[in-house]
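[1] With the input below, show me the fold.
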Amino acid sequence: MSAPVAQEELPILEAVINIRNRLTALKRDRAEFLKPSDVNALYQAVVKQVTKLNDVRDDNTTYNNRVDTTLADVFSLLSLCYLTLGRTKECPAVYSQLASMRQILSHMEESGVYNEPDLAPFHRRLSELRSIVQHDAESGKHPEAMTKLLERQFNECDTIVRSLQDSLSVLSAELIPIHERLVTVRRQLVALAAKEGSHKAEIKPLAEELRKIDSKRVDGKFLGPGGIMPASQALCSSLLEECFDILQQIKAQEESKNVASSLKPIHDRLNELRAELENLVLTHRWSLRETDLYNYSMSLHEIDKMRIDGKFVDAEGNRPPGQYVLLYLLRRCYGLIYRLLSSSEPVSEELIPVANKLSTVKKCLNEVYKYGGPFTPRDLYPYQLALHQIDSMRRDGRFVGVAGNIPEGQGIVMAHLNECHELLEMLKESMHENEDDEYDDEEDEDDTETAVAE
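    Numbering: from 1, shown residues only. Take a look at the predicted model:
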């Protein structure tokens, strides 16, 4: 339950809601590309409101009212706008990635199903994002209010990661391989539970592996060399029991399917979101506008809020079967959003079509060069034409946007273009070499015929 909004914060709330509405209108407008000037104006406006908010609030008190939730929406939208513009190496673009990362880490902490290799990518990504914020803070590129906000986000993520690492640190060396295997088996079981149809053939080897792990216990305990009882029994034993529990649920509910009818609407909605996000992962280079991810995030947050004590409940307050499936789908969707945010390239949406076309041309030229000739000018003409069309789009050596602006990503696109030209020149050279070889062969044949005639 959010706290009431203080009287002095009401004008700020009104201004922030107005900014959110304007950002939402920008997001919905697919007829035009996002303009950096529009996004910058709204960014400056929200920073102004954050500065006012900091002036009326106590730094040592934690607040959570409608102003905070609305600001979170605004920063998420702004962050996605920056990613859409290709400005991935700036502070605002970091916000949505941190929010997505925090969501995944919170679910990992709740489930307790993770291992050291799972945490390593988050460590690396947090370090990369922190360096972006530190650079902007030192250069004064973005105001202090923005960098302070992100620092709090970093601290929250760091706290969860440390907590996750601390819980793994109690694992003894003898139990680490067993724990890692149990984590993998559990994930495989939950993934099977979320699939349609029968899975008897896939479940059998997993069940055998669980029984094999269980047989290593003596009186319910895992033993180390010399019969010594290693630390962290509870962690591995509870995970093993949970795997058996999921296995039994899959077997018992295979015919009626894993989700109770009262949870079916949530299951269907999550399945739909997962399918759409998985499709975006495959086609994001061509079809994704990063601001589209806002709607997916909001839908997932709404579903996540429906849980009570970590479980989905029906109208009577009961916890119907199918919890593992719903949580798997929910976490899978969060993971897909994070993957899409992390893979966002520093290229503006205006230049994405050009970058994609060059990427395709480069792949084709590489394949042609790999398999060799002989080539004719006619074979290389389509590639020359494509590169000529892209070259003709430049003004004074740069690609210019519809509004006369210089979109982000010039360096990446120019690097692709230069590589394509280099590959084309190499193919032309090999074509000329083939022609010279053929001419030399013809001369040798003529000389041989003349010698024979003499």
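[2] got the buried residues for stretch 122-131?
    Applying a neighbour-count criterion of 16 or more other CB atoms under 10 Å, one finds 122, 125-126, 129-130 buried in stretch 122-131. Every residue, glycine included, has its C-beta placed from N, CA and C.
[3] hmm, which two among those are most spread apart?
    Farthest apart among those by CB to CB are F122 and R130. That separation is 12.1 Å.
[4] one step back: just the buried residues of stretch 122-131: which are in helices?
    Secondary structure from DSSP state H places 122, 125-126, 129-130 of the buried residues of stretch 122-131 in helices.
[5] now for the helix or strand containing H284, which elements pack on it?
    In this assignment (DSSP states H and E), H284 forms part of helix 264-287. Secondary-structure packing of helix 264-287 (3 or more CB pairs under 8 Å, 6 or more residues apart in numbering; DSSP states H and E): helix 293-305, helix 323-342, helix 352-371.
[6] which other residues reach stretch 213-228?
    Under the contact criterion CB atoms under 8 Å, 6 or more residues apart in numbering, stretch 213-228 has outside partners 172, 174-175, 178, 181-182, 229-230, 233, 236-237, 240, 244.
[7] ok, now with 6 Å
    With CB atoms under 6 Å, 6 or more residues apart in numbering as the contact definition, stretch 213-228 has outside contacts at 174-175, 229-230, 233.
[8] so where's the stretch 301-450 of the chain uncertain?
    Where the stretch 301-450 of the chain drops to pLDDT under 70, the residues are 373, 432-450.
[9] Would you agree L288 is in contact with L280?
    Yes. Using CB atoms under 6 Å, L288 is in contact with L280, at 5.4 Å.
[10] can you give me the strands in the stretch 1-150 of the chain?
    Per DSSP state E, counting those that start in this stretch, the stretch 1-150 of the chain carries no strands over any range.
[11] Flag the shaky bits of it, pLDDT-wise.
    Scanning the stretch 1-150 of the chain for pLDDT under 70 picks out 1-2, 59-62.
[12] which residue ranges form the helices in it?
    All helices of the stretch 1-150 of the chain, identified by DSSP state H, counting those that start in this stretch, fall at 10-28, 36-56, 66-84, 91-111, 116-139, 144-169.
[13] elements contacting the longest one?
    Yep, that's helix 144-169 we're talking about. In terms of contacts (3 or more CB pairs under 6 Å, 6 or more residues apart in numbering; DSSP states H and E), helix 144-169 is packed against helix 36-56, helix 91-111, helix 116-139.
[14] Now it: buried residues?
    Neighbour-count burial for helix 144-169 flags 145-147, 149-150, 153-154, 156-157, 160-161, 164, 168 (criterion: 16+ other CB under 10 Å).
[15] How about the third one?
    Applying a neighbour-count criterion of 16+ other CB under 10 Å, the buried positions in helix 66-84 are 66-68, 70-71, 73-84.
[16] got a list of contacts for that helix?
    2, 5, 9, 13, 16-17, 19-20, 23, 34, 39, 43, 46, 90, 92-93, 95-96, 289-291, 294, 344, 349.
[17] Just the buried ones from those?
    Buried members of those, counted by 16+ other CB under 10 Å: 5, 9, 13, 16, 19-20, 23, 34, 39, 43, 46, 90, 92-93, 95-96, 289-291, 294, 344, 349.
[18] Deepest-packed of the helices and strands packed on helix 144-169, please.
    Comparing the helices and strands packed on helix 144-169 by mean neighbour count (mean count of other CB atoms under 10 Å), helix 91-111 comes out on top with a mean of 21.
[19] Tell me the spacing between H267 and A260.
    For H267, the distance to A260 (CB to CB, to the nearest Å) stands at 9 Å.
[20] ok, now L10?
    Relative to A260, L10 is positioned 44 Å away (CB to CB).
[21] can you check H142 too?
    Distance from H142 to A260, by CB to CB: 48 Å.
[22] what's the answer for T283, then?
    34 Å.
[23] Looking at the two, which has the bigger crowd around it?
    Comparing T283 with A260 by other CB atoms under 10 Å, the one with more neighbours is A260, at 18 against 10.
[24] Please report the distance of the residue most central in space within the chain from Q97.
    Nearest to the geometric centre of the chain sits R339, at 1.4 Å (CA atoms, centre = their mean). Noted for R339: a distance of 11 Å to Q97, by CB to CB.
[25] Then R22?
    Distance, R22 to Q97, using CB to CB: 23 Å.
[26] likewise P382?
    Distance, P382 to Q97, using CB to CB: 39 Å.
[27] Equivalent analysis for K27, please.
    Distance from K27 to Q97, by CB to CB: 18 Å.
[28] if we can go back for a sec, excluding sequence neighbours, find me the nearest residue to the residue nearest to the centre of the chain.
    The spatially closest residue to R339, leaving aside those adjacent along the chain, is V281, at 6.3 Å (CB to CB, 6 or more residues apart in numbering).
[29] Before I go, just wanted to say thanks for your time.
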